[in-house]
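>>> Let's see this in three dimensions:
(one chain, ligands or ions: 1)
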Amino acid sequence: MTSTTTEAPIRVRIAPSPTGDPHVGTAYIGLLNYIYARQRGGKFVLRIEDTDRTRFVSTSEQMIFDSLRWLGLGWDEGPDVGGPFGPYRQSERTEIYREHSEILLKNGTAYRCFCTPEEIEEIRKQQVAAKLPPRYPGTCRHLTAEKIEANLAAGKSYTVRLAVPPNGADLTSSTSFRDELRGEITFEHNNVDDQVLMKSDGFPTYHLANVVDDHLMQITDVIRAEEWISSTPKHVLLYKAFGWQVPRFWHMPLLRNLDKSKISKRKNPVSLIYYRDSGYLPEAIINFLGLMGGGMPSDINGGTEQFSLAEMVEHFVFTDIRLGGPVFDLTKLKWLNGEYLRKLSPEDFFQQVRTRVFGDDYLRQVSALMQTRIETLTQFGDLTGFFFSDAVLPPADTWVPKKRTPEETLAFAQEQLAVLEATDWTHEALEPALKKLGEEKQWSVKENFMLLRSIITGSTMSPPLLESMVIFGKARSLDRVRRFLDAQKKLANQKK
Ligand code: GLU
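Alright, predicted model coming up:
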């Protein structure tokens with residue numbers, strides 16, 4: 001009798017956390033997962049990893065859905081479309097994680113830790129002072145059953161920690177796994193912490209929820225960014241602790257700033273909303289991301305570096321991905337976007353301008369600010385140009401309030417940026433947040449708002465600032481402040 005082994009049907013996922021604007025890195029990993037699934041007749045799952053309630057941003061999930069759909073990266077299963085393995089939002093699965101942590105407590109691969117946050121912090125401080133890597137020393141690992149019962153009876157709160165071997169499930173001193181792009185990777189257990197799996201608030205950590213869900217959702221290939229490699233030994237130990245089969249792991253190169261540091265909003269716009277609102281075409285972004293780590297044959301379409309999503313599904317080779325850090329070069333993305341604009345028919349180009357630059361909703365909101373402010377209709381352009389432009393910078397020194405130096409003004413603008421980043425994008429939230437900053441730093445309301453007005457609108461005269469910023473949008477407003485700061489830094493360096 002011949003035996004046939006049937007490979008499980010391919011299932012991949014992306015698992016973004018709704019902690020802010022959707023990130024270009026999520027689009028990159030989403031693209032790769034999408035291609036992998038489409039090439040193999042598999043399923044592409046979207047799971048929302050929202051267990052970290054301290055970083056949760058309520059508007060983020062919808063922005064993730066909208067921006068991935070805008071890019072054309074639709075999913076087969078997810079919170080909004082359902083599917084046979086739901087729910088697909090981790091906050092709706094807490095009971096599942098609790099049950100699974102019980103399994104580990106029972107089989108001895110995890111333990112309850114009653115140490116208080118203060119005690120943990122104290123240990124951490126001592127380790128930092130002694131130049132040791134911060135690690136939990138295993139204080140609660142060998143508590144007697146009586147002690148545990150007594151702690152529970154006394155209502156002490158606890159976390160559940162992974163018992164990293166030795167002393168756990170198997171007495172090995174290292175964990176190895178295969179990375180499909182790198183080969184075997186081994187981590188000595190000396191370097192693996194007894195990871196918290198369940199927090200004292202009853203929510204799981206990323207590690208437990210991620211492994212439980214990948215198993216229950218029958219994920220065959222975990223395709224994610226390489227920053228998760230150091231978490232993978234913990235995940236492999238968890239799969240073993242449950243007695244489950246480990247999926248294939250593909251860790252993709254991290255996108256980098258021009259200076260090769262990990263891509264960050266300090267040096268590059270990273271919000272997909274920014275790119276959408278700033279007039280990039282989804283086809284150009286997909287093409288650009290497809291160039292990042294390699295994988296496409298270099299001679300495709302005559303070596304033009306231009307290809308579509310469908311062509312990527314047809315030709316992309318995962319094992320050709322290069323591991324050197326791909327640079328997210330905005331100049332190149334802009335060039336590519338220009339190429340795509342020129343491919344449009346004149347009518348399609350006009351429609352893009354009409355809907356993306358002068359969209360009805362946007363124009364209606366901007367008009368509403370103008371009716372009481374202009375005497376002829378064509379003055380509309382004089383006052384609202386900044387709403388429809390890309391590079392806007394205030395003329396030299398007009399942005400420095402009379403009694404301030406340029407240096408202290410820039411330092412204050414930097415503080416404004418931090419406040420804007422952390423604030424909900426509504427008039428009600430922005431006004432008190434900015435005023436509070438002004439009070440703290442002893443900047444008058446006039447100085448405070450005049451500076452921001454200059455940065456956002458390029459002028460000291462404009463329609464009402466906060467209303468304008470709300471219409472203009474958070475992603476583009478933040479970009480304008482960052483660009484202003486960058487431009488001033490460059491100028492200052494030139495003067496040196
Ligand atoms: N929630 C993680 C993230 O935000 C998922 C990482 C993974 O794919 O395992 O990227």
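>>> The helix or strand harbouring Met63: how far from the chain's middle?
Assessed by DSSP states H and E, Met63 sits inside helix 60-70. Helix 60-70 has its C-alpha centroid displaced from the chain centroid by 12 Å (Cα atoms, centre = their mean, to the nearest Å).
>>> mind listing what's buried in it?
By 16 or more other Cβ atoms under 10 Å, the buried positions in helix 60-70 come out as Ser60, Glu61, Met63, Ile64, Phe65, Ser67, Leu68, Trp70. Just so you know, the C-beta spots here come from the backbone N, C-alpha and C atoms, and that holds for glycine as well.
>>> go on, stretch 458-470?
Neighbour-count burial for stretch 458-470, with 16+ other Cβ under 10 Å as criterion, is recorded at Gly458, Ser459, Ser462, Pro463, Leu465, Leu466, Ser468, Met469, Val470.
>>> do stretch 91-109 as well
For stretch 91-109, the neighbour count (16+ other Cβ under 10 Å) marks Arg93, Thr94, Ile96, Tyr97, His100, Ser101, Leu104, Leu105, Thr109 as buried.
>>> wait, which of the residues you listed is closest to Arg13?
For the buried residues of stretch 91-109, the residue nearest Arg13 by Cβ to Cβ is Arg93; the value is 13.9 Å.
>>> what residues are up against that closest one?
Pro87, Ala209, Asp213 (Cβ atoms under 8 Å, 6 or more residues apart in numbering).
>>> min pLDDT across the buried residues of helix 60-70, which one?
Sorting these by pLDDT puts Ser60 at the bottom of the list (91).
>>> list the contacts for that residue?
Pro18, Thr19, Gly20, Asp21, Pro22.
>>> Now which of these would you call buried?
Pro18, Gly20, Asp21, Pro22.
>>> Just send those residues back as a markdown table, with distance to the ligand too.
Shown next, in a markdown table, are the buried ones among the contacts of Ser60 (distance: Cβ to the nearest ligand atom, whole Å):
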| residue | distance to the ligand |
| --- | --- |
| Pro18 | 9 |
| Gly20 | 11 |
| Asp21 | 13 |
| Pro22 | 11 |
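>>> Among those, which one sits closest to Arg47?
Closest approach to Arg47 among those (Cβ to Cβ): Pro18, at 11.2 Å.
>>> wait, isn't Asp76 in contact with Gly82?
No - in this structure Asp76 lies outside contact range of Gly82 using Cβ atoms under 8 Å: 10.1 Å.
>>> the more surrounded of the two?
Asp76 (14 against 11; other Cβ atoms under 10 Å).
>>> Near the nearest residue to Leu323 once chain neighbours are set aside, how many residues? Count them for me, please.
Distance criterion Cβ to Cβ, 6 or more residues apart in numbering; nearest residue to Leu323, sequence neighbours excluded, is Pro253 at 5.4 Å. The tally of other residues near Pro253 (other Cβ under 10 Å) stands at 18.
>>> So Val317 is in contact with Gly293, correct?
No - checked against Cβ under 8 Å, the pair Val317 and Gly293 is beyond contact range at 11.4 Å.
>>> Counting neighbours, go ahead and name the busier of those two.
More crowded of Val317 and Gly293, by other Cβ under 10 Å: Gly293, with 22 against 11.
>>> what residues are up against the more buried one?
Applying Cβ under 8 Å, 6+ apart to Gly293 gives the contacts Met252, Pro253, Ile321, Arg322, Leu323, Pro326.
>>> Buried ones only from those, please, as a ChimeraX command.
To isolate the buried members of the contacts of Gly293 in ChimeraX, using 16+ other Cβ under 10 Å:
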select :252,253,321,326
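>>> JSON lines for the contacts of Gly293, including secondary structure, pLDDT and distance to the ligand?
Shown next, in JSON lines, are those (DSSP: H, G, I helix; E, B strand; the rest coil; pLDDT from 0 to 100; distance: Cβ to the nearest ligand atom, whole Å):
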{"residue": "Met252", "secondary structure": "strand", "pLDDT": "95", "distance to the ligand": "10"}
{"residue": "Pro253", "secondary structure": "coil", "pLDDT": "93", "distance to the ligand": "15"}
{"residue": "Ile321", "secondary structure": "coil", "pLDDT": "95", "distance to the ligand": "16"}
{"residue": "Arg322", "secondary structure": "coil", "pLDDT": "93", "distance to the ligand": "21"}
{"residue": "Leu323", "secondary structure": "coil", "pLDDT": "92", "distance to the ligand": "18"}
{"residue": "Pro326", "secondary structure": "coil", "pLDDT": "92", "distance to the ligand": "18"}
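>>> so where do the helices sit in the stretch 1-150 of the chain?
Here the stretch 1-150 of the chain has its helices, by DSSP state H, counting those that start in this stretch, at 24-39, 60-70, 94-107, 117-129, 145-153.
>>> can you list those in a markdown table and add distance to Ala411?
Putting those into a markdown table (distance: least, Cβ to Cβ, whole Å) gives the following:
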| stretch | distance to Ala411 |
| --- | --- |
| helix 24-39 | 29 |
| helix 60-70 | 30 |
| helix 94-107 | 44 |
| helix 117-129 | 29 |
| helix 145-153 | 50 |
